[in-house]
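In: one predicted model, sequence on top.
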Amino acid sequence: MGAAVFLGAVVVIILVWGAFTRRRLAYLRGKAEGAWAEIDAQLHRRWDLVPALVEAVSACTPNETAVFDRVEAVKARALDATSPPEHAAAAAALNNALFPLFAIAEECEALRASERFAGIRRSLEEAEDAIQRAKRVHNAAVHELNAGIGSFPRSLVAGLFGFRPRRYYALPGDEERQAARAQL
């Protein structure tokens with residue numbers, strides 16, 4: 001009789017621990033999803049500013065259609081991205097496409113003096129800062145979730161309930177640098 005009570009108590013403890021572990025992993029998954037939603041919102045905010053930027057620069061130098069077309073094409077591809085690595089690659093491509101646009105803007109005296117252009121540029125910088133903050137929050141949440149999923153015995157509960165590791169939001173090349181640092 002004593003062994004049965006002991007065994008029953010052990011089973012109850014394991015079930016309670018499993019329920020709390022599942023709840024904690026679900027919380028961490030929600031935290032990572034919420035952090036990703038913030039990155040996504042900030043990326044869209046930034047992408048929504050691109051047409052105004054192109055319009056402002058094209059008013060000053062309308063003959064740079066190849067640059068404008070490239071920016072619009074990169075923006076269109078960015079909007080189709082679905083995963084953190086795809087969004088990061090799209091953000092890097094957009095940065096590369098915007099560089100010549102800002103170079104053109106620097107050469108145009110009227111544009112540099114334009115309050116509208118200054119406001120767009122300021123809004124883009126604010127969006128970029130918000131993206132960087134959201135990236136740090138997201139990557140911290142993903143790290144915490146992945147650590148929870150990957151550690152034994154939580155990994156047993158994670159596998160049982162379908163929790164999978166998430167990918168970090170990293171610009172192309174960041175993951176390779178992080179992997180190299182981890183090997184040191």
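Out: Ah, there it is. The shown structure was predicted, so the numbers you read here are calculated from the model rather than taken from an experiment. Numbers count the residues shown, from 1 in each chain.
In: mind listing the helices for this protein?
Out: Using DSSP state H, the helices of the chain run over 2-60, 65-80, 84-107, 109-113, 115-150, 154-160, 174-183.
In: what residues are up against the residue nearest to Ala91 when sequence neighbours are not counted?
Out: Nearest non-adjacent residue to Ala91, counting by C-beta to C-beta, 6 or more residues apart in numbering: Leu43, 6.5 Å away. All C-beta spots, glycine's among them, are computed from the backbone N, C-alpha and C. Contacts for Leu43 were tallied using C-beta atoms under 8 Å, 6 or more residues apart in numbering; they are 78, 87, 91, 131.
In: one more: Leu160?
Out: So Leu160 contacts Gly18 (C-beta under 8 Å, 6+ apart).
In: pLDDT score assigned to it?
Out: Note on Leu160: pLDDT of 91.
In: equivalent analysis for Ala4, please.
Out: 89.
In: any regions of the protein where pLDDT drops low?
Out: Under the criterion pLDDT under 70, the flagged ranges of the chain are 171-184.
In: please report how far the closest residue to Gly150 other than its chain neighbours lies from Val157.
Out: Nearest residue to Gly150, sequence neighbours excluded (C-beta to C-beta, 6+ apart): Pro165, at 6.9 Å. The gap separating Pro165 from Val157 is 14 Å, by C-beta to C-beta, to the nearest Å.
In: more neighbours: these two, which one.
Out: Val157 (20 against 13; other C-beta atoms under 10 Å).
In: ok, the more buried one touching Thr21?
Out: Yes: taking contacts as C-beta atoms under 8 Å, Val157 lies within contact range of Thr21: 4.4 Å.
In: check contacts around Arg29.
Out: By C-beta under 8 Å, 6+ apart, the neighbours of Arg29 are 145, 163, 166.
In: by neighbour count, which of these wins?
Out: Leu145 (25 neighbours).
In: quick check: closest non-adjacent residue to that residue.
Out: In space, Leu145 is closest to Leu28, 4.1 Å off (C-beta to C-beta, 6+ apart).
In: number of residues surrounding that neighbour?
Out: Neighbour count for Leu28, taken as other C-beta under 10 Å: 21.
In: quick one: contacts for it?
Out: 141, 144-145, 148 are the contacts of Leu28 under C-beta under 8 Å, 6+ apart.
In: and for Val74?
Out: 90, 93-94, 96-97.
In: tell me the one of the residues you listed nearest Val12?
Out: Ala90 (49.7 Å; C-beta to C-beta).
In: spatially, what comes nearest to the closest one if we skip its sequence neighbours?
Out: Ala78 (3.5 Å).
In: wouldn't that neighbour be in contact with Ala92 here?
Out: No: the pair Ala78 / Ala92 is not scored as a contact, 9.9 Å apart, by C-beta under 8 Å.
In: who has more neighbours, these two?
Out: Ala78 (22 against 16).
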